[in-house]
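[1] how would this look folded up:
(chains A and B)
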Amino acid sequence: MSKMSSLFNTKKKKIYSLDDEKFYLAMKENCSFHYEHNKKYKELLDGFGFKPSDINSYEDLAKIPFIPTLYFKHHNLLSLKNSKYIVKATSSGTSGQNVSIIGFTLGDLLRGWNMVRRVFSYHHLWSLKPHRYIIFGYQPHKGNDKAIAKTAWGFTFVTPALSKDYAIRWVDGGYKVDLDNLEKKLIKYSKGKAPVRTLGFPAYTYFLLEQMKAKGIKLKLPKGSILSLGGGWKSFYKEKVDKQTFYDLAYEVLGIDDKHIFEFFGAVEHPILYTDCRYHHFHIPNYARVIIRDVETLEPVKPGQPGLINLLTPMCLGAPLLSVMTDDIGILHEETCPCGEKSMYLEILGRSGIEDIKTCAAGAEDLLKGEKS
Amino acid sequence: MILYKGEVYPDGKQEELISSLEGDMLETLQNNRTLTYNDVIDACDKLYQRVMNHEFDNIVLPLLEMANMPYSTFERYAKYFSKEGLLKKIDIELGDLKNGELDLDEENTRHYEPLGILFHIAAGNVDLLPAYSVVEGLLVGNINILKLPTGDNGMSIRLLQELIKESPILKDYIYVFDVPSTEVETIKQLANLADATIVWGGDMAQKAARTFVDIHSSIISWGHKISFTYVDKNVTDEELKALCESICATNQLFCSSSQGIYVNTDDINELKALAERILPLFAETSKRMGTLPLTMKAKNSLLIYNEKLEGNADKVFMKDGVSIIVKEDNKLELSFLFQNIWIKPLKKEDIIKVLKPNKNLLQTVSINKLIEGKKEISSLLAKAGATRITALGDNSRMLAGESHDGEYALRRYIRVVETIK
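    Reported below is the predicted structural model:
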């Protein structure tokens, strides 16, 4: 078994006990693979005077030239022939052109599956009991390659599904947001016995909960119901609320306490499943590492200091995703978490750049919104 | 919030008030005496005096802090609203016409009339802009309907209310609605009541206006612009420092902010040498002024790193969060904003060829004092479309009586009427 696959076979109990030696060897293997198979990636590394053979310890991982998600949006970085890919997915950018296209091989998907299966098992998310699914995201459609739509759909197979309802429905040849339908369904399901699971964009979940609160609706969803969030706040950045406000609202409207609220984090350029612990911290799983970098020098900073989030994983052969730089700002916490897991946890503070900047310089609005970058 | 005839109403009243709007406005036109600029200037000047007496510091100071604007700059801007400032504006923009009825010939007179009803679609890029746009409309006697920009913080209504308090006659000439841009039908309805729709904002806003403004009503555009600097080897360190200060003060967000520097040369080494000269001044200014937010620093670091991946590594100059990119092409473009500039070659022989195609986009060009062939260069820049040629550091100055993007707003808001004696 390759060192990469061996890493993704990390036992359930060890997910959050990091094995740095194993991780670095898998990264070195992954780096060598892309360096040999991907001309563009080789050029990039050569440009920095870096070779896979320069990785000789865990500490050397920080020296691997990272690729910003922005770069993926403008360049095809696939490492293999088209026939090798089982799935292709895109990031959920708003303007059609600026999206990353990432391809996954069978091996990539198997490693991913090994991860998902164990992470869900660790967090007790598997169940044989039939559930009702409410997805605050896209209804699957053959023209939708967004990774977020694919993962949400995949999530509906974690337990047997009695029903699946979507916030963004495919109606008359286009997507339409329909929160009222979900409201009706939640009211109906609260009277039944089957537990409900929701998944999706926090903004839509929040908007619906607010809408229901305004109408004075107070439900008690069946025992075992879970509210799960993923995909970030996207263009609703300004509406973002703090976690506690959200949990209080969920309890008030749906009767779900924060022990039954899960948040996921991941990206198409870093397809790792981060799941928050009982104390709502994103601990780093053994499949990945996070380096926080100084916003100016881009050098690693110490835990506890804010900076740009650089995500590392040797999961994929389809594309060189081994060291990806996001445009998010975050902090790595080394404090002990009451949940008992020892790995550091990542707090995401927000995106670099500010979306509601006021400007009258021609073209600046587009630049700041990332439409032209 | 809605402001209607001097009273504030909740947004829920919108439909009801809009249904009576046309009747009320026509009645004003029929029965009121014509509004004079003295009515408006009096009200503005009284308010200006109150502001200068620190009566509104609880509102002004937090805004200045947010915008990182020193009080002295605010004083300079506020002076625009003083009697002296506004009279100068009237003088320059209306010329003779300000004197009322004038002879055209022996049998005919000429005078100006307001267009009548103006519908302002304001942009939110400067907090005072929506109210300022209305004041311009009022100065030449128009009735003004203002659509507030998204995220308006209540400042516009507050200010206009104060104006009405100073001069109650203005109440029939000011209507403010907080209609979201998505309520296209309502916006269309308001636009159709007006003689002209005044649109502030970028291409998106301008394009949208063209779709909903009635064919018999005109559109007056105040679109987004781009500005830059043009120098030669004679530029001094003091001038470069002044330029850095204006860049750091505005973070290049204004249409007048310099996005980069063209140099009258085709020698790339000269450009690099200039970048090396500016970098320490730029970094020092940025540090001293402290106007660069962490998140923007991060965004620019990433954009620059990306430039390096794209193969431009040897032409990026960075220090303490500010950055300069030397480019060999001469295309006019936006910088990354937030204290990033480009330096490009542009021989004076190529000025027209390179800049003229940017139709209606150019605004301010700052040039160095001792630039060789100053007259010729100024003239070429003006021919290419620039509307202000200033000293380095003065890109974002505001002078009373100055045109706005090369136009006199008051002239656009009036008609000239000839009448037989």
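[2] what about the strands in the stretch 1-150 of chain A?
    Remark: strands assigned in the stretch 1-150 of chain A by DSSP state E, counting those that start in this stretch are A:67-68, A:85-90, A:101-105, A:131-138.
[3] Is it possible to get CSV of those that adds mean pLDDT?
    Listed next are these as CSV, based on pLDDT from 0 to 100:
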stretch, mean pLDDT
strand A:67-68, 94
strand A:85-90, 79
strand A:101-105, 86
strand A:131-138, 87
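[4] quick one, which of those is nearest to chain B?
    Nearest of the strands of the stretch 1-150 of chain A to chain B, taken as Cβ to the nearest Cβ: strand A:67-68 at 5.3 Å. To be clear about C-beta, it is placed using only N, CA and C from the backbone, and glycine gets the same treatment.
[5] Export the strands of the stretch 1-150 of chain A to CSV and append columns for distance to A:I217 and mean neighbour count.
    What follows is those, written out as CSV (distance: least, Cβ to Cβ, whole Å; neighbours: other Cβ atoms under 10 Å in any protein chain shown):
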stretch, distance to A:I217, mean neighbour count
strand A:67-68, 44, 22
strand A:85-90, 36, 17
strand A:101-105, 40, 21
strand A:131-138, 15, 24
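[6] how about TSV for the ones you listed, with distance to chain B added?
    Formatted as TSV, those follow (distance: least, Cβ to the nearest Cβ, whole Å):
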stretch	distance to chain B
strand A:67-68	5
strand A:85-90	19
strand A:101-105	17
strand A:131-138	21
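[7] Please produce TSV containing these, extended by distance to A:S2.
    Listed next are the strands of the stretch 1-150 of chain A as TSV, based on distance: least, Cβ to Cβ, whole Å:
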stretch	distance to A:S2
strand A:67-68	22
strand A:85-90	18
strand A:101-105	12
strand A:131-138	33
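[8] How is chain B divided into domains?
    Chain B breaks down into these domains under automatic domain parsing: B:2-224+B:405-420, B:226-391.
[9] Just the buried positions in stretch B:230-250, please.
    Going by neighbour count (16 or more other Cβ atoms under 10 Å in any protein chain shown), the buried part of stretch B:230-250 is B:230-232, B:235, B:239-250.
[10] can you check stretch A:160-172 too?
    A:164-170.
[11] right, is stretch A:320-336 up against chain B?
    Yes: contact of stretch A:320-336 with chain B (Cβ under 8 Å from any Cβ of the partner chain) involves A:325, A:327, A:329.
[12] Run through the stretch 51-200 of chain B and note the low-pLDDT ranges.
    For the stretch 51-200 of chain B, the stretches flagged by pLDDT under 70 are B:124-126.
[13] Now do the helices in it.
    For the stretch 51-200 of chain B, helices defined by DSSP state H, counting those that start in this stretch occupy the ranges B:57-67, B:71-78, B:83-94, B:129-139, B:155-166, B:184-193.
[14] May I see those helices organised as a markdown table, with distance to A:A288 added?
    Listed next are the helices of the stretch 51-200 of chain B as a markdown table, based on distance: least, Cβ to Cβ, whole Å:
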| stretch | distance to A:A288 |
| --- | --- |
| helix B:57-67 | 38 |
| helix B:71-78 | 48 |
| helix B:83-94 | 60 |
| helix B:129-139 | 47 |
| helix B:155-166 | 46 |
| helix B:184-193 | 46 |
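[15] ranges for the strands of the stretch 251-400 of chain B?
    For the stretch 251-400 of chain B, the strands defined by DSSP E, counting those that start in this stretch cover B:258-263, B:316-319, B:322-326, B:340-345, B:362-367, B:388-391.
[16] Name every strand pairing with the last one and say which way it goes.
    Read it as strand B:388-391. Using DSSP bridges, the strands paired with strand B:388-391 in its sheet are strand B:362-367 (parallel).
[17] mind checking how far B:K344 is from B:S286?
    Distance, B:K344 to B:S286, by Cβ to Cβ, to the nearest Å: 22 Å.
[18] How about the residues of the stretch 201-350 of chain B by chain A?
    Where proximity means Cβ under 8 Å from any Cβ, the interface of the stretch 201-350 of chain B facing chain A comprises B:201-204, B:223-227, B:252-255, B:257, B:259, B:293-299, B:301-303, B:305-306, B:308-309, B:311, B:313, B:320-321, B:334, B:336-337.
[19] Spell out for me which residue occupies the centre of chain A.
    A:G266 (1.5 Å; Cα atoms, centre = their mean).
[20] what about the residue lying closest to A:D60 once chain neighbours are set aside, how many residues close to it?
    Distance criterion Cβ to Cβ, 6 or more residues apart in numbering or on different chains; nearest residue to A:D60, sequence neighbours excluded, is A:D54 at 6.4 Å. Close neighbours of A:D54, defined as other Cβ atoms under 10 Å in any protein chain shown, add up to 14.
[21] Correct me if wrong: A:D54 contacts A:K63.
    Yes: under the criterion of Cβ atoms under 8 Å, A:D54 makes contact with A:K63 at 6.6 Å.
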